[in-house]
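Engineer: What follows is a predicted protein model with its sequence.
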Amino acid sequence: MAVVLRLSRAGTHKAPFYHVVATDSRKPRDGKYLEDVGTYDPTRKPALIELKAERIQHWLSEGARPSQTVAMLIKRAKLTKPAAAT
């Protein structure tokens, strides 16, 4: 099973809100996930990024790959510099 850290969309029409989740790469974007590791709210100024640092580190150490967007959010939150984004 290939685990990936990616965004799962929530919120309403024209008011997006995202959960940062660890999930199997074969699952649909808003489908079941293994763990919720943070949130991202782009509608706020500045954008609100809340990440669970220790859980993200855990998943990265287990071999999970962050998506490009999640890698950017991790870098912005200054948690770590992820290796390669998919």
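Structural biologist: Structure's in. What do you need? Numbering: from 1, shown residues only.
Engineer: the helices in the protein, which residues?
Structural biologist: 53-61, 68-76 (DSSP state H).
Engineer: How confident was the prediction at the residue nearest in space to the middle of the chain?
Structural biologist: In the chain, the residue lying closest to the centroid (C-alpha atoms, centre = their mean) is Val20, at 3.0 Å. With respect to pLDDT, Val20 has a value of 96.
Engineer: Give me the neighbour count for the closest residue to it other than its chain neighbours.
Structural biologist: Using C-beta to C-beta, 6 or more residues apart in numbering and skipping the chain neighbours, the partner closest in space to Val20 is Gly38 (3.8 Å). Quick note: C-beta positions are derived from backbone N, CA and C, even for glycine. Neighbour count for Gly38, taken as other C-beta atoms under 10 Å: 22.
Engineer: list the contacts for Gly38?
Structural biologist: Taking C-beta atoms under 8 Å, 6 or more residues apart in numbering, we find Gly38 in contact with His19, Val20, Ile49, Glu50, Leu51, Lys52, Ile56, Leu73.
Engineer: ok, so what distance separates the last one from Val21?
Structural biologist: Here the criterion is C-beta to C-beta, to the nearest Å. By it, Leu73 lies 12 Å from Val21.
Engineer: rewinding a little: which of the contacts of Gly38 are buried?
Structural biologist: Taking 16 or more other C-beta atoms under 10 Å as the criterion, what is buried in the contacts of Gly38 is His19, Val20, Ile49, Leu51, Lys52, Ile56, Leu73.
Engineer: Can you report phi and psi for the fifth one?
Structural biologist: The one in question is Lys52. phi -90, psi 100 (degrees, to the nearest 10).
Engineer: my read: it touches Ala22, true?
Structural biologist: No: the criterion here is C-beta atoms under 8 Å, and Lys52 misses it with Ala22 at 10.4 Å.
Engineer: got any residues that touch both of those two?
Structural biologist: Shared contacts of Lys52 and Ala22 (C-beta under 8 Å, 6+ apart): Val37.
Engineer: In space, what's closest to Val3 - neighbours in sequence excluded?
Structural biologist: Excluding the flanking residues, the one nearest Val3 by C-beta to C-beta, 6+ apart is Ala64, at 4.1 Å.
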